[in-house]
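J.: the sequence isn't on hand, but the structure is:
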């Protein structure tokens, strides 16, 4: 298909497609005539992935390159691919600006993950995120330890086990990365939305339970 | 304590404290001398909550007012308080910019939540978030239905049940709202970080399992 049809099919404006081509985020089409190139379903799929990463995941343009390079690198293991997706998303998440750590929260988090037996990189961003969360909780005046993470770790462990197992080992790297990204980014948003809806649902029940204690007076 | 001690205790600069006082986010101290006021532990606690909401949750100043008004409104039920916390955080989350819905994803999401029997407001932001996620998944070329949400809904349901039940019905509204906010904002960040770490852990195992199929060649 021509670039005009690629634009109609995907809903991505032609200037934006040309920008992605210049940035190397979208592979060039097959030359079909002077100043013309033919695009195929691979381009449609890639544009859909770019839109999802940018619009849903908030992943900046310069990070997309790392994800797409990983897709084209056959030597990377699944484990390494997940690390790249993790880093791409980390930049998109709001950073935790916790400056001061009166204790050594990071060491506690590292010990907690070791105790769980989780095989994660020393430099995985999530370690510091957990340490920052612990510092923030303590700043609110509670004597929290890493044990407050355990129910969430158990839930995350169960979810990740079936999310990872849902990716067939026979997938090509491109398809596997797409599944990982969709799983990590889109279902992260889904889980957050469902958790908030569930809070509202359960607090409605708590309200009914509490009615006899004077809530409704 | 004087404003200078309040600043030292909380790590919040005096000009920032004065800004919060002017904005009505921090109640005034008790007048103790001309141009002086005395502050107490309630002020320390409120400043800690403001920092957590802003730094961890990314909640903008103008939204904090709604949360603090709710704290001071004894007539609000737990259910209504949760709704206010939900809205405060929604503005802080990256919006999903999904313009076009070829089907009627929102109606499907509403039917799904009705089927779950969840008691949530028609205007709860999470409904549209789920609809947008569904549209994004379909744009990637998969024929997803709301049933893909079910495992996440089950996990969210279990977590929310014990999160809401962890708030004693005897809590004052101020303490209950603080617990809700911490639970929603901080543990939302914690859950997201743990899920990504668990992905990395489980993909390491998937890599080991896949080694015999040629991953390591």
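T.: Arrived safely, thanks for sending. Quantities reported herein were computed from a predicted structural model and do not represent experimental measurements. Residues are numbered from 1 along each chain as shown, chains lettered A, B, ... in the order given.
J.: CA only for contacts and neighbour counts going forward, please
T.: Fine.
J.: list the contacts of residue A:199.
T.: Applying C-alpha atoms under 8 Å, 6 or more residues apart in numbering or on different chains, we find residue A:199 in contact with B:82, B:160-161, B:163-164.
J.: how near is it to residue B:46?
T.: With distances taken as C-alpha to C-alpha, to the nearest Å, residue A:199 is found 23 Å from residue B:46.
J.: and the helices in chain A?
T.: A:3-10, A:14-22, A:41-51, A:61-71, A:78-92, A:105-116, A:125-139, A:150-165, A:173-181, A:187-210 (DSSP state H).
J.: out of the ones you listed, nearest to residue B:203?
T.: helix A:78-92 (5.0 Å; C-alpha to C-alpha).
J.: and that closest one, what's its mean pLDDT?
T.: For helix A:78-92, mean pLDDT rounds to 67.
J.: contact partners of stretch A:5-18?
T.: So stretch A:5-18 is in contact with A:3-4, A:26, A:39, A:43-44, A:47-48, going by C-alpha under 8 Å, 6+ apart.
J.: list the buried ones in that stretch?
T.: For stretch A:5-18, a neighbour-count test (16 or more other C-alpha atoms under 10 Å in any protein chain shown) marks A:6-7, A:10, A:12, A:17 as buried.
J.: follow-up on the earlier one: what about burial for the contacts of stretch A:5-18, which qualify?
T.: Buried among the contacts of stretch A:5-18 by 16+ other C-alpha under 10 Å: A:3, A:26, A:39, A:43-44, A:47-48.
J.: which two among the residues you listed are spaced furthest apart?
T.: Among the buried ones among the contacts of stretch A:5-18, A:3 and A:48 lie farthest apart (C-alpha to C-alpha), at 14.9 Å.
J.: before we move on, back to that, pick the one among the buried ones among the contacts of stretch A:5-18 closest to chain B.
T.: When the buried ones among the contacts of stretch A:5-18 are compared for distance to chain B (C-alpha to the nearest C-alpha), residue A:48 wins out at 5.6 Å.
J.: surely that closest one meets residue B:139?
T.: Yes: counting by C-alpha atoms under 8 Å, residue B:139 is a contact partner of residue A:48 at 6.4 Å.
J.: adding distance to residue B:78 and pLDDT, write the contacts of stretch A:5-18 out as JSON lines.
T.: Output for those, formatted as JSON lines (distance: C-alpha to C-alpha, whole Å; pLDDT from 0 to 100):
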{"residue": "A:3", "distance to residue B:78": "54", "pLDDT": "95"}
{"residue": "A:4", "distance to residue B:78": "54", "pLDDT": "96"}
{"residue": "A:26", "distance to residue B:78": "50", "pLDDT": "93"}
{"residue": "A:39", "distance to residue B:78": "55", "pLDDT": "97"}
{"residue": "A:43", "distance to residue B:78": "50", "pLDDT": "94"}
{"residue": "A:44", "distance to residue B:78": "47", "pLDDT": "91"}
{"residue": "A:47", "distance to residue B:78": "44", "pLDDT": "90"}
{"residue": "A:48", "distance to residue B:78": "41", "pLDDT": "82"}
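J.: restrict those to those near chain B?
T.: Contacts with chain B are made by residue A:48 out of those, judged by C-alpha under 8 Å from any C-alpha of the partner chain.
J.: distance of the closest residue to residue A:60 other than its chain neighbours relative to residue A:21?
T.: Of all residues not flanking residue A:60 in the chain, residue A:54 sits nearest, at 6.5 Å (C-alpha to C-alpha, 6 or more residues apart in numbering or on different chains). To residue A:21, residue A:54 is 16 Å away according to C-alpha to C-alpha.
J.: likewise for residue A:73?
T.: Counting by C-alpha to C-alpha, the gap from residue A:73 to residue A:21 is 19 Å.
J.: what do you get for residue A:114?
T.: For residue A:114, the distance to residue A:21 - C-alpha to C-alpha - is 44 Å.
J.: can you check residue A:85 too?
T.: Relative to residue A:21, and taking C-alpha to C-alpha, residue A:85 is found at 22 Å.
J.: so which of the two has more stuff around it?
T.: residue A:85 (23 against 14; other C-alpha atoms under 10 Å in any protein chain shown).
J.: so that one is in contact with residue A:181, correct?
T.: Yes: in terms of C-alpha under 8 Å, residue A:85 counts as a neighbour of residue A:181; the distance is 6.4 Å.
J.: which ones are touching residue A:75?
T.: So residue A:75 contacts nothing (C-alpha under 8 Å, 6+ apart).
J.: then residue A:126?
T.: Residue A:126 sits in contact with B:193-194, B:196-197, where contact means C-alpha under 8 Å, 6+ apart.
J.: leaving out the residues flanking it, which one is nearest to residue A:63?
T.: Per C-alpha to C-alpha, 6+ apart, closest to residue A:63 is residue A:88, 5.6 Å.
J.: any idea which helix or strand in chain A has the lowest mean pLDDT?
T.: Counting by mean pLDDT, DSSP states H and E, chain A has its least confident helix or strand at helix A:78-92, which shows a mean of 67.
J.: got any ranges where chain A has weak pLDDT?
T.: A:56-58, A:86, A:89-103, A:140-142, A:173-174, A:178, A:205-217 (pLDDT under 70).
J.: residue A:83 against residue B:200, yeah?
T.: Yes: at 6.6 Å, residue A:83 and residue B:200 qualify as touching, with contact defined as C-alpha under 8 Å.
J.: neighbour-wise, which of the two wins?
T.: residue B:200 (27 against 20).
J.: so who does the more buried one touch?
T.: A:79, A:82-83, A:119-120.
J.: apply 7 Å and report the result again.
T.: Neighbouring residues of residue B:200 by C-alpha atoms under 7 Å, 6 or more residues apart in numbering or on different chains: A:79, A:82-83, A:120.
J.: separation between it and residue A:77?
T.: 11 Å.
J.: swap in residue A:133?
T.: Residue A:133 is 31 Å from residue A:77, where distance means C-alpha to C-alpha.
J.: same deal with residue A:204?
T.: 46 Å.
J.: what of residue A:121?
T.: In terms of C-alpha to C-alpha, residue A:121 sits 14 Å off from residue A:77.
J.: how many residues are close by residue A:115?
T.: Neighbours of residue A:115 under the rule other C-alpha under 10 Å: 9.
J.: one more: the one 4 residues further on?
T.: For residue A:119, the count of nearby residues is 17 (other C-alpha under 10 Å).
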